[in-house]
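here is my input; please provide its structure:
(one chain, ligands or ions: 1)
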Amino acid sequence: MLIMLRGLQRISIYNILRWRAAPLVLTNPNRIRIDISSNSQYLKRLYSSVNNNQRNSVITDRPKLNIDLNSETIKLVFDDVSVVQCPFVWLRDNCHCSNCYELSSGQKQNLLENMNLDIHPLNATIKDQSVIVNWSDEHVSEYPLSWLRDVKFPAATDPEDERRYWGSEMTKSKVSTFSFNEIMSDESSLHSWLLSLHTDGINIVNDLGNDDKNLVRLANMVTHPRTTCHGVDFGIKPNTLDPTNLGYTGNRLGLHTDLVYYSFVPGVLVLHCITMSEDGGLSEFADGFKVAYDLQKEDPETFDVLSRVPLAYLDDGVHGMSKTNYILMDQKPIIRLKENGEIKQISLGYPHLNSRMSVGIEDVKKVYKAMKTFYTALYKEENLVSFKLHPGEAVCIDNTRILHGRSKFTIPHGCQTPRHVQGIYIDWDEIYSRMRGIRPIHVY
Ligand SMILES: [Zn+2]
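Predicted structure coming up:
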């Protein structure tokens, strides 16, 4: 696709694109050729840029500009009140001219070894909608005022970071439910589904019918599924002769998170019910974040063990895709914390606990006690949610937060598939990336 722009339109689009990395070719003074045929990302960047009102708004007030050598910042005062401080080294580093910034990839192309930490402006002026800086390294940079006005240290991260913790009040009718057909045809439905998954850690997608490939279609709406040792997607059905996983029996499955033996655990698990057993086979869930935060208040010593001591996990088998033997191993604490002390991840996969423990002999009983305390807390009446999935429904769970299990069910004699659930994983990076693609936020 080729767009030919002239006159005023040329200037405004050019101003957008030079900051958003589209390949431009100046053919003659009145024409810019924008080649977006080679990569649809250029078009997306253009759109997200156009949608971003703040970035493209015209600054009517002329800000006051001051070079402060003491704090090594350029200060800009907008509307006589809002002060924006731009450190010299950062401002020079964020020059988006074609020498400093590779336009088509949107990546910095200076080498870090050439960075001058003591760089300073010789002068800086405001011209039209830009600040022009003459640097001590003889480079000249131009920064749009609309971009500078949003500068903040530390910069804001994604705004939608709220979680809603829950206990047994989260009955099936209270779990947010989304339609497969709507998600497949409408990006705002897709966004709502993913946002709800972030907020609650659990939701339901219905209208999936009995086509066991619909989960792959659903995951492809995000980007792609996460392939694991179980393959791209996997059927969980009882195999009475040779079960390779407890999931493939009719036994009760205790609450757990999946694939704890991976260092990079899959973010989201989606389980699509194709057929359901008449007796038993109830799905069980508990909000690991809620239980862990409660435990932190009630029993800080146990919380400390759970968040500090790593458990070793192991799984081996035949890889679902390559058919080669695999041996997956990792060590992680049940509760992982962020740098600020908030809970980042819950991992508990007791069936895969490695008999070769990662703790000293003096800690063995203490670790078992902490693990059992956490597990018991998950099953407290106020924490446990259980309901039956019906054919055509999929339950979606945050595998870094929610623990899931299943009650026992009977396998009638001669019946091969009394209960068939199809599963797939999707990673959080892909989900958040897709959400940002649908609702652009200020990330550059
Ligand atoms: Zn530059």
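
now do the SS call for residue 204.
Assigned state for residue 204: strand (three-state reduction, DSSP: H, G, I helix; E, B strand; the rest coil).

let's have the chain start at 9 instead
Will do, 9 is the new start, and the previous item becomes residue 212.

do you know how far it is from residue 285?
19 Å (CB to CB, to the nearest Å). Where C-beta positions appear, they are placed from N, C-alpha and C, glycine not excepted.

ok, those two, which is more surrounded?
Between residue 212 and residue 285, counting by other CB atoms under 10 Å, residue 285 is the more crowded of the two (21 against 18).

tell me if the more buried one really is in a strand.
No: checked against three-state DSSP, residue 285 lies outside a strand; its state is coil.

got the residues of the chain near the ion?
103, 105, 107-108 (CB under 5 Å from the ion).

now restrict those residues to buried residues only.
Buried by 16 or more other CB atoms under 10 Å: residue 103, out of the residues of the chain next to the ion.

could you save the residues of the chain next to the ion as a markdown table and add columns showing secondary structure and pLDDT?
Converted to a markdown table, these look like this (DSSP: H, G, I helix; E, B strand; the rest coil; pLDDT from 0 to 100):
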| residue | secondary structure | pLDDT |
| --- | --- | --- |
| 103 | coil | 94 |
| 105 | coil | 90 |
| 107 | coil | 92 |
| 108 | coil | 94 |
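
between which two of the residues of the chain next to the ion is the distance greatest?
103 and 107 (8.0 Å; CB to CB).

residue 269 and residue 333: what is the separation?
Taking CB to CB, one finds residue 269 at 14 Å from residue 333.

so if I had to pick from these two, which one is more boxed in?
residue 269 (24 against 9).

the residue in the stretch 159-308 of the chain positioned nearest to the ion - how many residues pack around it?
Nearest to the ion in the stretch 159-308 of the chain, going by CB to the ion, is residue 159, at a distance of 17.4 Å. Neighbour count for residue 159, taken as other CB under 10 Å: 17.

low-confidence ranges, the stretch 59-208 of the chain, go.
Under the criterion pLDDT under 70, the flagged ranges of the stretch 59-208 of the chain are 59-65, 165-169.

would you map the strands across it?
Assigned by DSSP state E, counting those that start in this stretch, the stretch 59-208 of the chain shows strands spanning 72-76, 81-86, 90-95, 109-110, 115-116, 129-135, 138-143, 148-152, 185-187.

among those strands, which is nearest residue 179?
Among those, strand 185-187 sits nearest to residue 179 (CB to CB), with 12.2 Å.

same for the closest one, what does it pack against?
If you count contacts as 3 or more CB pairs under 8 Å, 6 or more residues apart in numbering; DSSP states H and E, strand 185-187 packs onto helix 195-208, strand 210-214.

which residues touch it?
197, 200-201, 204, 211-215 (CB atoms under 8 Å, 6 or more residues apart in numbering).

so where do the helices sit in the chain?
Here the chain has its helices, by DSSP state H, at 15-28, 48-59, 61-64, 96-101, 153-156, 188-193, 195-208, 222-230, 296-306, 308-316, 372-386, 436-446.

dump these to TSV, plus mean neighbour count.
Below are these laid out as TSV (neighbours: other CB atoms under 10 Å):
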stretch	mean neighbour count
helix 15-28	16
helix 48-59	16
helix 61-64	14
helix 96-101	19
helix 153-156	20
helix 188-193	17
helix 195-208	19
helix 222-230	19
helix 296-306	19
helix 308-316	17
helix 372-386	17
helix 436-446	16
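
now tabulate the ones you listed in TSV and tack on distance to residue 134.
Formatted as TSV, the helices of the chain follow (distance: least, CB to CB, whole Å):
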stretch	distance to residue 134
helix 15-28	16
helix 48-59	22
helix 61-64	18
helix 96-101	14
helix 153-156	7
helix 188-193	47
helix 195-208	38
helix 222-230	43
helix 296-306	48
helix 308-316	51
helix 372-386	58
helix 436-446	31
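
residue contacts, residue 333?
324-327.

isn't residue 343 right up against residue 300?
Yes: taking contacts as CB atoms under 8 Å, residue 343 lies within contact range of residue 300: 5.1 Å.

identify the contacts common to these two.
The contact lists of residue 343 and residue 300 share 311, 314, 351, 354, where a contact means CB under 8 Å, 6+ apart.

closest one of these to residue 376?
For the shared contacts of residue 343 and residue 300, the nearest to residue 376 is residue 314 (11.8 Å; CB to CB).

ok, how many other residues are close to residue 410?
Residue 410: 26 neighbours (other CB under 10 Å).

could you find the closest non-adjacent residue to it?
residue 209 (4.5 Å; CB to CB, 6 or more residues apart in numbering).

now do residue 324
Nearest to residue 324 is residue 335, by CB to CB, 6+ apart, at 4.5 Å.

contacting residues for the one you found?
322-324.

can you check residue 433 too?
Shown in contact with residue 433 (CB under 8 Å, 6+ apart): 233-234, 236, 266-267, 274-278, 407.

how about 10 Å then?
Counting by CB atoms under 10 Å, 6 or more residues apart in numbering, residue 433 makes contact with 227, 233-236, 238, 240-242, 266-267, 273-278, 407.

export the strands of the stretch 59-208 of the chain to a markdown table and tack on distance to residue 442 and mean neighbour count?
Conversion of the strands of the stretch 59-208 of the chain to a markdown table gives the following (distance: least, CB to CB, whole Å; neighbours: other CB atoms under 10 Å):
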| stretch | distance to residue 442 | mean neighbour count |
| --- | --- | --- |
| strand 72-76 | 39 | 13 |
| strand 81-86 | 34 | 18 |
| strand 90-95 | 31 | 16 |
| strand 109-110 | 25 | 16 |
| strand 115-116 | 21 | 12 |
| strand 129-135 | 38 | 13 |
| strand 138-143 | 33 | 19 |
| strand 148-152 | 28 | 17 |
| strand 185-187 | 15 | 17 |
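
between these, which one is nearest to residue 347?
The nearest among the strands of the stretch 59-208 of the chain, by CB to CB, is strand 90-95 at 22.4 Å.

any weak-confidence spans in the stretch 309-452 of the chain?
Checking the stretch 309-452 of the chain against pLDDT under 70 turns up 417-426, 448-452.
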